[in-house]
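In: Structure here, sequence nowhere to be found:
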Ligand SMILES: Nc1ncnc2c1ncn2[C@@H]1O[C@H](COP(=O)(O)OP(=O)(O)OP(=O)(O)O)[C@@H](O)[C@H]1O
Ligand SMILES: [Mg+2]
């Protein structure tokens, strides 16, 4: 019996200008590498039926399930500050949408599924390494509590893709609450297509911000809501040490989910200026620049929405400015709340930012490991003698001791039980992130030796980031010295 998926394809019903209806290009010998069974169940899919050759057929694009209406979406985007009026899905093909077990609409999309009208000079394909990276890192982000697209399946294609060298090809099946990007709005705005813009905004409101639809000014409310979600999202990135790496406006979801894990990386050593992507020469998308870039991108969204916001252009501009002005405050509040939690503080006080910033400054100076430092701090919270490994990680031991004394005094003033404080801290500061050296080792095993055991092990570890499980202990370790400085390459 063919697999049945209950599609309801609202994006396909939007006007022609929104998409190119195109089927995936079949691949030679699809092999299912991974199926996310819990996610499949959440989507109402038959995980047993999909966990084998039939799943390989569907998730490679070789078999298009009944009810799917494959399409490539049109979008534009600012890439490293320069505007491209037409990008679009050059290698991703949306199969359709399903309503999940909680009643939410979710996209099911194949990334690497072949040529579309938007492929430009690309081959429409993805390489196995980047597919596995996106699978592991997006699932890690989900487990960390960061809004993100999800990975439903990975399939190898049996075909080669040519990059700097010949690599095995693969397709990632990605699930998202939508694939509407800031660049999707820019696409219609740049063409002066106000009716398309309105259709898009109405679609985004219905799908992501239904309360905005009831507001006096729905399009302003859409902008405000998108700004709030983006501020919250980027604060979460910083709090787990995530560097997106390619925050172009076409890689910013209007739903506030992290999307496009091309050259992303997590901080090992804390360095606010950290930037890993080989194409981000000037550090535009460095770790600590992400909040500002978020605002820059949201300003592009605001500009795109102006024609809808008010018939009077000056009034529209005024409203957009007002909405954007709130972003820094929204970000700062969310980030400081997160830092407080990482320090185990339950009460908000004036001096909290200073306390947190002083620790971050010490960490930056001595390049301590971002993840380990906070995790060890939880241990220090429940031990009066402190944590020897933590102290040893600071070259400036006296500086750190001074900070530790201030922090302990602050905790003592709150008077909570040390065990409780430590438990709270461990709920927000992970033991395990997808460490860059582990991700690279996992990719090498898969690509060079067809060995997917490291992929499965890493995935299992990052799926339980806040737990200290002995079996996962190796994944909590920082990189060995020999790993050296890390560089990522756009996973095209
Ligand atoms: N191999 C390829 N073939 C065709 N088009 C490509 C290819 N790689 C990237 N593109 C296109 O180049 C543009 C920018 O690429 P970018 O790396 O941001 O996106 P992506 O990783 O392909 O996809 P997404 O943003 O959907 O995760 C997009 O329009 C994308 O579709
Ligand atoms: Mg992209």
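Out: Now that the structure is in, tell me what you want to look at. In this text the structure is predicted, and so the values were computed from the model without any measurement. Numbering: from 1, shown residues only. Ligands and ions are numbered 1, 2, ... in the order given.

In: Where does the residue nearest to residue 298 when sequence neighbours are not counted fall, secondary structure wise?
Out: Among residues not flanking residue 298 along the chain, residue 227 sits closest, at 5.4 Å (Cβ to Cβ, 6 or more residues apart in numbering). The C-beta positions use only the backbone N, C-alpha and C, and glycine is treated the same way. Assessed by DSSP states H and E, residue 227 sits inside helix 218-240.

In: roughly how far is that helix from the heart of the chain?
Out: How far helix 218-240 lies from its chain's middle: 13 Å, per Cα atoms, centre = their mean, to the nearest Å.

In: Give me the packing partners of it, helices and strands only.
Out: helix 128-144, helix 194-208, helix 210-213, helix 290-309, helix 313-325, helix 327-342 (3 or more Cβ pairs under 8 Å, 6 or more residues apart in numbering; DSSP states H and E).

In: between those, which one is nearest to ligand 1?
Out: Ligand 1 lies closest to helix 128-144 among these, at 7.6 Å (Cβ to the nearest ligand atom).

In: could you check the angle helix 218-240 makes with that closest one?
Out: 100 degrees (axes from the mean of the first three to the mean of the last three Cα atoms, to 10 degrees).

In: so does helix 128-144 get close to ligand 1?
Out: No. Using Cβ under 6 Å from any ligand atom, helix 128-144 stays clear of ligand 1, coming no nearer than 7.6 Å.

In: hang on, the earlier thing: what's the pLDDT at the residue nearest to residue 298?
Out: In this model, residue 227 is scored at 98, pLDDT.

In: dump the residue contacts of it.
Out: 298, 323-324, 326-327, 330 (Cβ atoms under 8 Å, 6 or more residues apart in numbering).

In: where's the residue of the stretch 251-400 of the chain found nearest ligand 1 relative to ligand 2, distance?
Out: Across the stretch 251-400 of the chain, no residue is closer to ligand 1 than residue 260, which sits at 3.4 Å (Cβ to the nearest ligand atom). Residue 260 sits 4 Å away from ligand 2, going by Cβ to the ion, to the nearest Å.

In: do the same with residue 119
Out: 13 Å.

In: Surely residue 428 and residue 340 touch.
Out: No. Residue 428 is beyond contact range of residue 340, at 9.5 Å (criterion: Cβ atoms under 8 Å).

In: quick one on the thing from earlier: residue 244: which of the helices and strands packed on helix 218-240 is closest?
Out: helix 290-309 (6.6 Å; Cβ to Cβ).

In: hmm, that closest one in reach of ligand 1?
Out: No. Helix 290-309 lies out of reach of ligand 1 by Cβ under 6 Å from any ligand atom, never closer than 13.2 Å.

In: so how far is that helix from its chain's centroid?
Out: Using Cα atoms, centre = their mean, the offset of helix 290-309 from its chain centre is 19 Å.

In: what angle separates that helix from helix 218-240?
Out: Orientation of helix 290-309 against helix 218-240 (the same axes, to 10 degrees) gives an angle of 170 degrees.

In: which bits of the stretch 51-200 of the chain sit near ligand 1?
Out: Within the stretch 51-200 of the chain, the positions near ligand 1 by Cβ under 6 Å from any ligand atom are 87-92, 111, 118-119, 122-125.

In: Tell me how many other residues crowd the residue in the stretch 101-250 of the chain positioned nearest to ligand 2.
Out: Ligand 2 sits closest to residue 250 of the stretch 101-250 of the chain, with a gap of 5.5 Å, by Cβ to the ion. Using other Cβ atoms under 10 Å, residue 250 is surrounded by 24 other residues.

In: Also residue 451?
Out: Using other Cβ under 10 Å, the number of residues around residue 451 comes to 12.

In: follow-up on the earlier one: what's the following helix or strand after the helix holding residue 227?
Out: Later in the chain than helix 218-240, the nearest helix or strand by DSSP H and E is strand 242-243.

In: strand partners of that next one, parallel vs antiparallel please.
Out: With DSSP bridges as the test, strand 242-243 is paired with strand 265-266 (antiparallel).

In: Compute the inter-axis angle for the longest strand belonging to the chain and helix 128-144.
Out: Determined from DSSP state E, the single longest strand within the chain is strand 150-162. For strand 150-162 against helix 128-144, the angle by the same axes, to 10 degrees is 170 degrees.

In: Read off the pLDDT value for the closest residue to residue 5 other than its chain neighbours.
Out: Spatial nearest neighbour of residue 5, chain neighbours left out: residue 65 (5.0 Å); criterion: Cβ to Cβ, 6+ apart. For residue 65, the pLDDT comes out at 97.

In: Next, the contact list for residue 404, please.
Out: Residue 404 makes contact with 380, 386, 391 under the criterion Cβ under 8 Å, 6+ apart.

In: wait, residue 397
Out: For residue 397, the contact set (Cβ under 8 Å, 6+ apart) comprises residue 391.

In: let's see it at 10 Å
Out: If you count contacts by Cβ atoms under 10 Å, 6 or more residues apart in numbering, residue 397 has them with 366, 391, 404.

In: same check, this time on residue 156
Out: Counting by Cβ under 10 Å, 6+ apart, the residues that residue 156 touches are 27, 29-33, 56, 60, 128, 131-132, 168-171, 446, 450, 452.

In: Beta-bridge partners for it, please?
Out: Beta bridges link residue 156 to residue 31, residue 170, judged by DSSP bridges.

In: Distance from the chain centre to stretch 426-441, please.
Out: 15 Å.

In: first vs last residue of it, how far apart are they?
Out: 27 Å (Cα to Cα, to the nearest Å).

In: before we move on, the earlier item: any figure for the gap between the residue nearest to residue 298 and ligand 1?
Out: Distance, residue 227 to ligand 1, by Cβ to the nearest ligand atom, to the nearest Å: 21 Å.

In: what do you get for residue 152?
Out: 14 Å.

In: likewise residue 426?
Out: Taking Cβ to the nearest ligand atom, one finds residue 426 at 32 Å from ligand 1.

In: what's the helix or strand containing that residue packed up against?
Out: Applying DSSP H and E as the criterion places residue 426 in helix 418-428. Contacts defined by 3 or more Cβ pairs under 10 Å, 6 or more residues apart in numbering; DSSP states H and E place helix 418-428 against helix 327-342, helix 370-382, helix 397-414.

In: ok, and which of the ones you listed has the densest surroundings?
Out: Highest mean neighbour count of these: helix 370-382, a mean of 22 (counted as mean count of other Cβ atoms under 10 Å).

In: I'd like the mean pLDDT over that helix, please.
Out: Mean predicted lDDT for helix 370-382 stands at 97.

In: Mind giving me the packing neighbours of that helix?
Out: helix 218-240, helix 327-342, helix 352-366, helix 388-392, helix 397-414, helix 418-428.

In: would JSON lines of these with distance to ligand 2 be doable?
Out: Shown next, in JSON lines, are the helices and strands packed on helix 370-382 (distance: least, Cβ to the ion, whole Å):
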{"stretch": "helix 218-240", "distance to ligand 2": "16"}
{"stretch": "helix 327-342", "distance to ligand 2": "23"}
{"stretch": "helix 352-366", "distance to ligand 2": "30"}
{"stretch": "helix 388-392", "distance to ligand 2": "38"}
{"stretch": "helix 397-414", "distance to ligand 2": "40"}
{"stretch": "helix 418-428", "distance to ligand 2": "29"}
